[in-house]
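Below are the sequence and a predicted model; questions follow.
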Amino acid sequence: MERIRDELGISSVFMRTSTARERAYHKWPTSKT
């Protein structure tokens, strides 16, 4: 159970980081890689 909960937590954080990164990517000019 703990392992599943950890995986869910990691996936949740990953999704949050992905969303934030996508927002920053759209915010900054596309010329910046």
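Now that the structure is in, tell me what you want to look at. For clarity, every value in this text was computed on a predicted model and none was experimentally measured.

Neighbours of S12, how many?
Applying other Cβ atoms under 10 Å, we find 10 residues neighbouring S12. Glycine gets a C-beta too; all of them are placed from N, C-alpha and C.

Could you give the separation of the helix or strand containing it from the chain centroid?
Assigned by DSSP states H and E, S12 falls within helix 2-27. When distances are taken as Cα atoms, centre = their mean, to the nearest Å, helix 2-27 is centred 3 Å away from the chain's centroid.

Can you mark which positions in that helix are buried?
For helix 2-27, burial by neighbour count (16 or more other Cβ atoms under 10 Å) applies to no residue.

show me the residues around A24 that make contact.
Residues near A24 by Cβ atoms under 8 Å, 6 or more residues apart in numbering: none.

Pull up the gap between it and E7, please.
26 Å (Cβ to Cβ, to the nearest Å).

pLDDT averaged over stretch 10-23 - what is it?
Per-region confidence: stretch 10-23 scores 86 on mean pLDDT.
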